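pasting the structure only:
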């Protein structure tokens, strides 16, 4: 028997930063024509990347791979300053799609460094956002991921320490690390406002509510997406089985044996069309009840980069 009901998390899927980044690439292609180069995957979802590639986007890992004078978009995750300097040196038309919430953390890092503070960044080593943030003040930056990492920091107890965090972590993930930092550095300076992305926290809160009502949770997202994988962990932390799938075709019917209610959500870089395909997959197998569990209504929007907005306006015949 198929599951009798499917509960949809709300909010889910694209956050404002991802929505903006994808739109930036699409509008850059519209304004400048193909190819438009993109430094790193614009967001961590293979379907989004492939869709943009078909439209004329060319993805590279390093700005030095982009020919001189071409258009290059920097990804939503943020990049180190030297990447911007290299791109300008090569005469690129540079469009910055960094999420404004990540940019805020970059500003904090540079301000702390100017003030002479040692900076502790809470984040996952190697993640693109962490690479970009570390590059803002490399001489002042120390990366930690766990409370135990705090104990290995080569800093004196009376050091003037400030902390910042990778935006795609949750307060649940960072609280224990912050507590250990406060124990070791009593004068610890925290950001004026939490660095945690509102969308990350909202999606995790939604999964917590689904876990109270579901026998199993499916998360639509790519293996390269840190926030998508964390949604799976949030469910498992509450003893509810969960699986990460890129698309409906990856669902294993064996997962559903004895399952009455399935929860469905998606990571912040997963397009809604993939969620709709999963809903259709269940309906085609006899699931009749599809309901939404609303946690919070998101209405955040971010503006286009000013140089791209000007280009679009100048190319619009209605603007003349």
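Cool, got the structure. All figures in this text were calculated on a predicted structure; none of them were measured in a lab.

where along the stretch 51-200 of the chain do the strands fall?
Counting by DSSP state E, counting those that start in this stretch, one finds strands in the stretch 51-200 of the chain at the ranges 57-60, 71-74, 93-96, 118-122, 141-144, 161-165.

thought residue 236 was touching residue 242?
Yes: using CB atoms under 8 Å, residue 236 makes contact with residue 242 at a distance of 5.5 Å. For every residue, glycine as well, the C-beta is placed using N, CA and C.

For the strands of the stretch 51-200 of the chain, please prepare TSV with the additional fields distance to residue 29.
Shown next, in TSV, are the strands of the stretch 51-200 of the chain (distance: least, CB to CB, whole Å):
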stretch	distance to residue 29
strand 57-60	7
strand 71-74	9
strand 93-96	11
strand 118-122	34
strand 141-144	35
strand 161-165	33
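
Show me the domain layout of the chain.
Listed by automatic domain parsing, the domain ranges of the chain are 5-14+198-294, 16-99+302-319, 101-184.

right, and those - which one's nearest residue 192?
domain 101-184 (7.9 Å; CB to CB).

Tell me where the model's unsure across the stretch 51-200 of the chain.
Regions of the stretch 51-200 of the chain meeting the criterion pLDDT under 70 cover residues 194.

Flag every buried residue along the lengthiest helix in the chain.
Assignment by DSSP state H gives helix 16-32 as the longest helix of the chain. By neighbour count on 16 or more other CB atoms under 10 Å, the buried set for helix 16-32 is 16-22, 24-29, 31-32.

Direction included, what does the next helix or strand after that helix pair up with?
Sequence-wise, the next helix or strand downstream of helix 16-32 (DSSP states H and E) is strand 36-39. Within its sheet, and counting by DSSP bridges, strand 36-39 is paired with strand 57-60 (parallel), strand 71-74 (parallel).

can those go into CSV with extra columns for mean neighbour count and distance to residue 110?
What follows is these, written out as CSV (neighbours: other CB atoms under 10 Å; distance: least, CB to CB, whole Å):
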stretch, mean neighbour count, distance to residue 110
strand 57-60, 17, 26
strand 71-74, 24, 17
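
For residue 290, list the residues it contacts.
Contact analysis of residue 290 by CB atoms under 8 Å, 6 or more residues apart in numbering lists 5-6, 8, 279, 282-283.

ok, now which ones touch the nearest residue to residue 147 once chain neighbours are set aside?
Setting aside the residues directly before and after it, residue 147 is nearest to residue 180 in space (CB to CB, 6 or more residues apart in numbering), at 4.0 Å. The contact partners of residue 180, taken as CB under 8 Å, 6+ apart, are 147, 150-151.

Any chance of a ChimeraX selection covering the buried ones in those residues?
Filtering the contacts of residue 180 down to the buried ones (16+ other CB under 10 Å) takes a single ChimeraX command:
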select :147,150
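
Show me what the helix or strand where residue 47 lies is in contact with.
Following DSSP H and E, one finds residue 47 within helix 46-55. With contact meaning CB under 8 Å, 6+ apart, helix 46-55 is reached by 22, 25-26, 29, 34, 38, 41-43, 59, 222, 224, 246-247, 269-271, 274.

List buried residues within these.
Buried among those (16+ other CB under 10 Å): 22, 25-26, 29, 38, 41-43, 59, 222, 224, 246-247, 269-271, 274.

okay, the nearest residue to residue 76 once chain neighbours are set aside: pLDDT?
Once flanking residues are discounted, residue 76 sits nearest to residue 21: 3.8 Å by CB to CB, 6+ apart. What the model reports as pLDDT for residue 21 is 96.

want to throw the strands paired with strand 36-39 into CSV with distance to residue 292?
What follows is the strands paired with strand 36-39, written out as CSV (distance: least, CB to CB, whole Å):
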stretch, distance to residue 292
strand 57-60, 33
strand 71-74, 33
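
The helix holding residue 47: which residues count as buried?
46-49, 51-52.

Stretch 286-297 now?
Of the residues in stretch 286-297, those buried (16+ other CB under 10 Å) are 287, 293, 295.

with these in mind, which one is nearest to residue 130?
Closest to residue 130, out of all of these and judged by CB to CB, is residue 295, at 27.5 Å.

which residues does the closest one contact?
9-11, 202, 205-206, 209.
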